[in-house]
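Visitor: Would you be able to build a 3D model of this:
(chains A and B)
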Amino acid sequence: MSNTQDQEPQLYQTRIPIYPRSVKGRFRNIKWAILLTAYAVYFLLPWIPWERPNAPSQAVLFDIVGRKFYLFDLVVHPQDIFWLAGFLMIAAFMLFFVTGVAGRVFCGYFCFQTLWTDVFIFIERLVQGERPARIRLAKQPMNAEKAIKLGLTHLLWLLVAFATGLTFVLYWGEAPKLVVEFFTGQAPFAAYATALFLTATTYVMAGLAREQVCTYMCPYARFQSAMFDKDTLIVSYDEHRGEGTAGRHRLGKGYKTREERAEKGVGDCIDCGYCVQVCPVGIDIRNGLQMQCISCALCIDACDTIMDSLGWERGLIRYTSEKELEEGKPTKILRPKVIGYGMMLLFILGALIYNMSKQAPYDLTVAQVRQPIFVQLSDGRIQNSYEIKLNNKLTLPLVLHFELEGLPGAELDMGPFETLKLAPGQHLRVRALVKYAPKVFDGRTRPYRIRAVPDDPALPVIEHEAVFYVPDHKP
Amino acid sequence: MAEQQHGKAVQTTGHAWDGDLQEYNNPLPTWWLWTFYASCVFAIVYWVLYPTWPLGKGYTTGIKTITFEENGKEVTTNWNTRARLIKEMQTGEESLKQKAYLDKVSQASYQEIVNDPDMTAFVNSMAKGLFGDNCAACHGVGGTPAMIGQYPNLGDDAWLWGGKVENIEQTIRHGRLGYMPAFGTVLDDAQIDALANYVLSFSEDTVDSNKAAAGEKIFKSEAAGCYYCHTTGATGLYSQGSANLTDAVWTVADVPGADGLDAKLEAVKGVIRNGVKREMPSWSGRLSDTEIKLLTVYVHGLGGGQ
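Guide: Numbering: from 1, shown residues only, chains lettered A, B, ... in the order given. Predicted structure coming up:
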């Protein structure tokens, strides 16, 4: 029994703890800058006021109850849902484009998993110290020091996680009011549930699961190889330079200078292990391109630090491409694939911007009443009736009047509603009667248009197609 | 199957029948088993809370109750979906919204409702259901019956009893008796033929003008007395519910459905011979004041209220 169990492949791998060492350098600085910007945007956006007439004065507000999304001067209505498709396509093609050019830059610099993990590791280092101290702490038996340090780390993690969850909730309500309601127990259940859920996921993903999310959970990590080719930028170790002909060797007697090392056939890698210690996903970049690598470039910073201190040239680990490494040819950035992704990206972006700029300030739909489809009027004319649906998307009142076009001699009767005033955001349904004396009774429909003309000449006239049904004989 | 997929040897139950007959032991997956146990616990909790087991004519009611209002009194009963629906209709968020609208409409005047697009839209939505339940059986779903003859068309602009909201409300509230005497025994065939030609002359060019002129004399004579109700101009009187014979709308004689002049004349003659007896029942006992108000506005807006 025990024998057979040993042969069983393990479907679950226990996490091997990683204690990334901190590093300073160009890429770390870029990463901190991106992180600070992203955090500033995420945490401050719900608090930015934005004056709008007759609407909430919050720059970014996703108002589910009112069915409107406010994004600065843009108000998104449920009818604009297809913008979401455009937005998602842009996100996807941007990812493909960037991946095609520069590999997994999204993973390494912009993904919230990376951003939050970075902050959690920073907290860990702040409380428990640098990598060796953290390893020591993890190995030592539980005592007061360990309990306090671990407890404090987890407490701070939970605080960051909670701030993250709470901030997310603030996007869906009026932030200053909601935050008071939240802490006085008056907020809606959904607010508490969402905040709690996101606190939990942030804590688990950034604190406990970390690189496992990228390796096992993220689908992008698995399919990004489809966008890679020999010209894609990757973080790579220059094996020719690092290993020479006799492999890498530590600095030591007879291995101090490059000349000494070259004589012995040893490469520039001094096998200090710094690149491995800083890696947040726990791989050794010198083993080549690996699926776990998120292209965070911290190993470049680490290696550059060492090279600088030795006075050797940088770039033993660097951004390069397979083509450059293996064939020695320069990386070609403008490739058909990249150009294709780029064109698609520009096309969708253009279409979306065009469509957004053409957003109708109000909606008009006309539906024919089909029961009865027509009636005979006492003066001999035929009457068709229609239901006109209007939706004022503006944050201002809208005054409209209606006209017929393309049905000569027809009369539009809307009772008192021929001139209609809609409050900001108001939806209305009104009945319209159209009276017409056809010259021939042929049982056919006459296509025409119903026009809504706003009082404000700055607003567009909107037309809707309609048909007038004429019976097949004079009633 | 001696082996499972993962290459783990399957154990037997440890019992041998007939010397060598053994049974493999493939226990259920743990997660499945625990889900099953959890379902059992859920079921027992459910039995305690909600109606579950049939007992002869009754059932176990469960300890959960529901309280709603019935005829002004609070009623508490064991939880059941019917009571829940009643409670929902009394206190549900959407019901309260509807109630607020209804209160507003019931207090507003006709003038206010008709001039307010929001209230009109609400009335049209709600009255459509009322109309379907109470009126559509005769008047048709959209207010237009399938055939001309039995029931007036509410979608056009011709009104027998007046098309103002007051008239329509009165019609719904108290009902109407539409009556025209049968002239088949009073007038002879030639007179009826002449009258029919006169009535049709308002809408058809091809009628015999001599007959029509003769018909006009009979129409205005004491012998037939048509003008008592239809007026000398044949335009009808709302107070009598008499039809306007000069307009293009036919409410009793199915002239539009007849093919050719003779058939049209025959349709009109039929009405003159046999008279008309139509009744609209009174709805005051069956519909509330608010419901009558909703229906009045709805009918007024259908095709051409005055």
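Visitor: what pLDDT does residue 171 get?
Guide: Using chain A. At A:Y171, the pLDDT value in this model is 96.
Visitor: you looked at the wrong chain, it should be chain B
Guide: For B:T171, pLDDT reads 96.
Visitor: quick one: buried residues of the helix or strand that contains it?
Guide: Assigned by DSSP states H and E, B:T171 falls within helix B:165-174. Judged by neighbour count using 16 or more other CB atoms under 10 Å in any protein chain shown, the buried positions of helix B:165-174 are B:V165, B:N167, B:I168, B:E169, B:Q170, B:T171, B:I172, B:R173. C-beta here means a position set from N, CA and C on the backbone, and glycine is covered the same way.
Visitor: show me what contacts the first one?
Guide: Pointing back at B:V165 there. Neighbour list for B:V165: B:Y110, B:V114, B:T296, B:V297, B:H300, B:G305 [criterion: CB atoms under 8 Å, 6 or more residues apart in numbering or on different chains].
Visitor: What about the residues you listed, which are in helices?
Guide: Judged by DSSP state H, helices contain the following of the contacts of B:V165: B:Y110, B:V114, B:T296, B:V297, B:H300.
Visitor: Kindly confirm my reading that A:I388 forms part of a strand.
Guide: Yes. Applying DSSP: H, G, I helix; E, B strand; the rest coil, one finds A:I388 inside a strand.
Visitor: For burial, what's the neighbour tally of it?
Guide: A:I388 has 22 neighbours, counted by other CB atoms under 10 Å in any protein chain shown.
Visitor: Show me chain B divided up by domain.
Guide: B:103-175+B:281-302, B:179-279 (automatic domain parsing).
Visitor: Could you confirm whether any residue of stretch B:93-100 contacts chain A?
Guide: No. Using CB under 8 Å from any CB of the partner chain, we find that stretch B:93-100 stays clear of chain A, coming within 11.8 Å at best.
Visitor: measure the residue nearest to the spatial centre of chain B to chain A for me?
Guide: Central residue of chain B (CA atoms, centre = their mean): B:G132, 0.8 Å from the mean position. Remark: distance between B:G132 and chain A (CB to the nearest CB, to the nearest Å) = 11 Å.
Visitor: Let's verify A:T114: helix, strand, or coil?
Guide: A:T114 is classified as helix under three-state DSSP.
Visitor: wait, doesn't A:P49 sit right on A:Q58?
Guide: Yes. A:P49 sits in contact with A:Q58 when judged by CB atoms under 8 Å, with a separation of 6.6 Å.
Visitor: Comparing these two, which shows the higher neighbour count?
Guide: A:Q58 (23 against 11).
Visitor: For the stretch 201-306 of chain B, what lies in contact range of chain A?
Guide: B:N244, B:D247, B:A248, B:V249, B:P256, B:G301, B:L302, B:G303, B:G304.
Visitor: what two of these are the furthest from one another?
Guide: Of all pairs drawn from those, the one with the longest distance (CB to CB) is B:P256 and B:G301, at 24.3 Å.
Visitor: hang on, the earlier thing: from the buried residues of helix B:165-174, which is closest to chain A?
Guide: B:V165 (12.1 Å; CB to the nearest CB).
Visitor: does A:T153 belong to a helix or a strand, and which?
Guide: helix A:144-170.
Visitor: got a list of contacts for the helix or strand just after that helix?
Guide: Using DSSP H and E, the next helix or strand after helix A:144-170 towards the C-terminus is helix A:175-183. With contacts defined as CB under 8 Å, 6+ apart, helix A:175-183 is touched by A:P46, A:W47, A:Q58, A:L166, A:V169, A:L170, A:A187, A:A191, A:Y192, A:A195.
Visitor: buried subset of the residues you listed?
Guide: Buried among the contacts of helix A:175-183 (16+ other CB under 10 Å): A:P46, A:Q58, A:L166, A:V169, A:L170, A:A187, A:A191, A:A195.
Visitor: what would the residues you listed look like in a markdown table with distance to B:I218?
Guide: A markdown table is the format used below for the buried ones among the contacts of helix A:175-183 (distance: CB to CB, whole Å):
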| residue | distance to B:I218 |
| --- | --- |
| A:P46 | 85 |
| A:Q58 | 80 |
| A:L166 | 90 |
| A:V169 | 85 |
| A:L170 | 86 |
| A:A187 | 83 |
| A:A191 | 83 |
| A:A195 | 88 |
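Visitor: and the closest residue to chain B within the stretch 151-300 of chain A, how many neighbours does it have?
Guide: Using CB to the nearest CB, the single residue of the stretch 151-300 of chain A nearest to chain B is A:P188, 13.6 Å away. When neighbours are defined as other CB under 10 Å, A:P188 has 15 of them.
Visitor: Same check on B:N274?
Guide: 13.
Visitor: hang on, A:A191 in a strand?
Guide: No. Read with three-state DSSP, A:A191 is helix and lies in no strand.
Visitor: wait, doesn't it sit right on A:G173?
Guide: Yes. Using CB under 8 Å, A:A191 is in contact with A:G173, at 7.1 Å.
Visitor: follow-up on the earlier one: how far away is the residue of the stretch 151-300 of chain A closest to chain B from A:L178?
Guide: 9 Å (CB to CB, to the nearest Å).
Visitor: what's the answer for A:F27, then?
Guide: Taken as CB to CB, the span from A:F27 to A:L178 is 38 Å.
Visitor: again with A:E465
Guide: 44 Å.
Visitor: Neighbour count for those two, which is higher?
Guide: Comparing A:E465 with A:L178 by neighbour count (other CB under 10 Å), the higher total belongs to A:L178, at 20 against 10.
Visitor: picking up where we left off before, and the residue nearest to the residue nearest to the centre of chain B when sequence neighbours are not counted, which of the three is it?
Guide: Closest residue to B:G132 apart from its sequence neighbours, by CB to CB, 6 or more residues apart in numbering or on different chains: B:V141 at 6.4 Å. Under three-state DSSP, B:V141 falls in the coil class.
Visitor: Next, count neighbours for residue 221.
Guide: In the absence of a named chain, chain A is used. A:A221, neighbours per other CB under 10 Å, totals 18.
Visitor: sorry, should have said chain B
Guide: The number of residues packed near B:S221 is 12, by other CB under 10 Å.
Visitor: three-state assignment of it?
Guide: Classified using three-state DSSP, B:S221 is coil.
Visitor: so what's it up against?
Guide: With CB under 8 Å, 6+ apart, B:S221 has no contacts at all.
Visitor: pLDDT score for residue 68?
Guide: By default, I'm working from chain A. For A:K68, the predicted pLDDT is 88.
Visitor: That was the other one, I meant chain B.
Guide: 92.
Visitor: and the gap between it and chain A?
Guide: 24 Å.
Visitor: Give me the three-state assignment for that residue.
Guide: Per three-state DSSP, B:F68 ends up strand.
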